[in-house]
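**Q** build me a model from this:
(chains A and B)
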Amino acid sequence: MTQASLRTALYPTHLALGARMVPFGGWDMPVQYSGILAEVKAVRTAAGLFDVSHMGRLYISGPRATEFLDWVLTGSASSLRTGRARYCFICNDHGGVIDDTIFYRLAEDRYLLIPNAGNRPAVLAWFQDWISRRFSGVVTIQDRTQSTGLLALQGPSAAQALDQVCRLEGGEAPSTLRAFGWGRGQLQGKPVFLGRTGYTGEDGFELVAEAADAELLWRALQDGGALPCGLGARDVLRLEAGLPLHGHEIDPETTPIQAGLERFVRPEGEFVGASVLRQQQRDGVARRLVGLKLPGRSAPRAGYPILEGGTPVGQVTSGSYSPTLDTSIAMGYVLVRCATPGQALEVDIRGRAAAAEVVPLPFYTRSRRRPDTAEGRSQSS
Amino acid sequence: MSPDDRKYTKEHEWVKLENARTGPSAEGLVGITHYAQDQLGDIVYFDLPKPGASLKQLQKMGEVESVKAVSDLFSPVTGQVVAINPELGSHPELANQDPFNAGWLLRVTIANAAELQTLMPAAEYDAFISGLH
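**A** Here you go, the predicted model:
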């Protein structure tokens, strides 16, 4: 039996813009508007606007909320200051990744946690299970996914564009927020929550607003010059930036250590999965996630075998033509002995062995220089 | 509306007779349809048979890759490759922008003109794709 797809508050807006809609994570989402290449270019050179309302908004609060999150997350909640956000994992008992997430500390005992669209039910069930076992009556979760919207404004001119139309509560420009900082503000007279985060490898913001206000904010940001971008561009952008996608690079059978993401696993303290993760850190793993670069434009796709001299040594998890680098790129798992940058491998592209080289991740890193933003200007004003 | 000066496959290729001759000297241009390019999205790469290669009607002749997808290409006719569109290597997006003209893929010989009768005329192809939505 197929369940009807959920729709974000911006569903009619996407249709009016001529977006191509696809099912993703239980939602009907725009995969592209003007075209993936144009949309990727807009995010790399100017600003792109995404509806990411399919991702969850879970508000977690209560006198032991911090202790609870310290238990279910690989990243520390107790050391996170109010006003800041952190990326980390929700692991199962075996260290496998139930989901990756960004969580914001809103107050001493209140957090906003963003799970992936398709994982929201699993994360909620996992959290509720732990609450009933160890945190009953002292932690509550409010799921506001369907009563709010989540927009992402990403690109080198995102801060400048947002500064034109938005102010934080204290009157500051949004560009005064630091990376992984958040603030509350007003946009078109509507309350918005702004986090300086994203999933594209560019500077940018993610904005939570009431669902009823989402279209107004979308129009304002689009009028400010941001190009509507779909999930197709988002997938290319995150791959170029070496960011994992749950269900591809990470899943309940794969640990953050195998994925090379141990920097998001805290070395101290007890939490779910910690013993397995620390054992893997100590003893090493059999396979590791690597970046692969291939000359030409024919792209490896998820599931394609990775070979060394014709012998299978791994499998591609994501691959695409990279318009920013004008070459084909992929991520995949290979035996540890093949995981060193410079290693020559092949990818079996539909029966053809295409030469590939292991390269360090990410494939693309943005230039940190942002000379023409209000961030630079505000220091002198 | 697809142009009615050519014939179409159910796999969304077209073939257009390039000279009035019939018999072994008949040649045609082969390409993909507007519907095909629209479904694929931004095309980044064509893997096409080399000049001289033999083609069999409705058998795989190559591949097209867009950012999101890869799709097989099928030859609309039996024959031989005469030439590949020289612009396509560096500008595969021509097949997005102008699939029925500048974005042609191959010039081919048409070994058996009777095969054209087995393909769809434009009106039939347009009705076919309108049923795919």
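**Q** output the below-cut-off pLDDT ranges for chain B.
**A** Applying pLDDT under 70 to chain B flags residues B:20-24, B:133.
**Q** near chain A, which residues of it?
**A** Neighbours of chain A within chain B, by CB under 8 Å from any CB of the partner chain: B:41-42, B:44-45, B:47, B:63, B:65-68, B:70, B:92-93, B:96. In short, each C-beta sits where N, CA and C put it, glycine included.
**Q** which of those residues has the largest number of neighbours?
**A** Each of the residues of chain B next to chain A was scored for neighbours by other CB atoms under 10 Å in any protein chain shown, and B:Val67 scores highest at 26 neighbours.
**Q** the closest residue to that one other than its chain neighbours: neighbouring residues, count only.
**A** Spatially, and ignoring its direct neighbours in sequence, B:Val67 is nearest to A:Ile36 (4.4 Å; CB to CB, 6 or more residues apart in numbering or on different chains). Counted with other CB under 10 Å, the neighbours of A:Ile36 add up to 28.
**Q** the one residue sitting closest to the centre of chain B: what secondary structure?
**A** By CA atoms, centre = their mean, chain B has its centre lying nearest to B:Gly31, at 2.6 Å. Following DSSP: H, G, I helix; E, B strand; the rest coil, the label given to B:Gly31 is strand.
**Q** for the nearest residue to it once chain neighbours are set aside, what are phi and psi?
**A** Closest residue in space to B:Gly31, ignoring its immediate chain neighbours: B:Trp104 at 4.4 Å, by CB to CB, 6+ apart. Note on B:Trp104: its backbone torsions stand at phi -60, psi 160 [degrees, to the nearest 10].
**Q** could you do A:Ser132 as well?
**A** The phi/psi pair for A:Ser132 (degrees, to the nearest 10) is phi -70, psi -30.
**Q** so how far is A:Leu69 from it?
**A** Distance check for A:Ser132 against A:Leu69: by CB to CB, to the nearest Å, it reads 16 Å.
**Q** these two touch, right, the residue nearest to B:Gly31 and B:Leu29?
**A** Yes. B:Trp104 sits in contact with B:Leu29 when judged by CB atoms under 8 Å, with a separation of 4.7 Å.
**Q** which of those two has more neighbours?
**A** Taking neighbours as other CB under 10 Å, B:Trp104 and B:Leu29 compare with B:Trp104 leading, 24 against 20.
**Q** contacts only, for A:Glu249.
**A** Contact analysis of A:Glu249 by CB atoms under 8 Å, 6 or more residues apart in numbering or on different chains lists A:259, A:289, A:317-318, A:331.
**Q** can you do 10 Å?
**A** A:97, A:100, A:238-239, A:242-243, A:258-261, A:289, A:302, A:317-318, A:331-333 (CB atoms under 10 Å, 6 or more residues apart in numbering or on different chains).
**Q** find the nearest non-adjacent residue to it, please.
**A** A:Glu249 sits nearest to A:Thr317 (CB to CB, 6+ apart), 4.9 Å away.
**Q** before we move on, which element is that neighbour in?
**A** Using DSSP states H and E, A:Thr317 maps to strand A:311-322.
**Q** tell me the buried residues in that strand?
**A** A:313-322 (16 or more other CB atoms under 10 Å in any protein chain shown).
**Q** please apply the same query to stretch A:182-196.
**A** Neighbour-count burial for stretch A:182-196 [16+ other CB under 10 Å]: A:182-183, A:185, A:187, A:190, A:192-196.
**Q** check stretch A:158-168 too.
**A** For stretch A:158-168, by 16+ other CB under 10 Å, it's A:158-163, A:166, A:168.
**Q** out of the residues you listed, who's nearest chain B?
**A** Using CB to the nearest CB, A:Ala158 is the member of the buried residues of stretch A:158-168 that sits closest to chain B, with 22.4 Å.
**Q** the stretch 1-150 of chain A: strands as residue ranges?
**A** A:20-24, A:27-32, A:48-51, A:58-61, A:85-91, A:97-107, A:110-114, A:140-143, A:148-154 (DSSP state E, counting those that start in this stretch).
**Q** just the ones of the residues of chain B next to chain A in helices?
**A** Among the residues of chain B next to chain A, the members falling in helices (DSSP state H) are B:Asn96.
**Q** isn't A:Tyr104 up against A:Leu177?
**A** No. Using CB atoms under 10 Å, A:Tyr104 makes no contact with A:Leu177, being 11.8 Å away.
**Q** joint contacts of those two?
**A** With CB under 10 Å, 6+ apart as the test, A:Tyr104 and A:Leu177 both reach A:83, A:195, A:197.
**Q** can you tell me which of these is nearest A:Ser367?
**A** A:Thr197 (18.8 Å; CB to CB).
**Q** need the residues of the stretch 151-300 of chain A near chain B, please.
**A** A:230-233, A:235-236, A:296-299 (CB under 10 Å from any CB of the partner chain).
**Q** which one of those residues has the most neighbours?
**A** Ranking these using other CB under 10 Å puts A:Ala233 first, with 32 neighbours.
**Q** may I see the buried residues of the helix or strand hosting A:Ala354?
**A** Assigned by DSSP H and E, A:Ala354 belongs to strand A:352-359. For strand A:352-359, a neighbour-count test (16+ other CB under 10 Å) marks A:354, A:356, A:358-359 as buried.
**Q** swap in stretch A:300-314?
**A** So stretch A:300-314, judged by 16+ other CB under 10 Å, has buried residues A:300-302, A:304-308, A:313-314.
**Q** may I see these arranged in JSON lines, with pLDDT and secondary structure as well?
**A** Below are those laid out as JSON lines (pLDDT from 0 to 100; DSSP: H, G, I helix; E, B strand; the rest coil):
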{"residue": "A:Pro300", "pLDDT": "97", "secondary structure": "coil"}
{"residue": "A:Arg301", "pLDDT": "97", "secondary structure": "coil"}
{"residue": "A:Ala302", "pLDDT": "97", "secondary structure": "coil"}
{"residue": "A:Tyr304", "pLDDT": "98", "secondary structure": "coil"}
{"residue": "A:Pro305", "pLDDT": "98", "secondary structure": "strand"}
{"residue": "A:Ile306", "pLDDT": "98", "secondary structure": "strand"}
{"residue": "A:Leu307", "pLDDT": "98", "secondary structure": "strand"}
{"residue": "A:Glu308", "pLDDT": "98", "secondary structure": "strand"}
{"residue": "A:Val313", "pLDDT": "98", "secondary structure": "strand"}
{"residue": "A:Gly314", "pLDDT": "98", "secondary structure": "strand"}
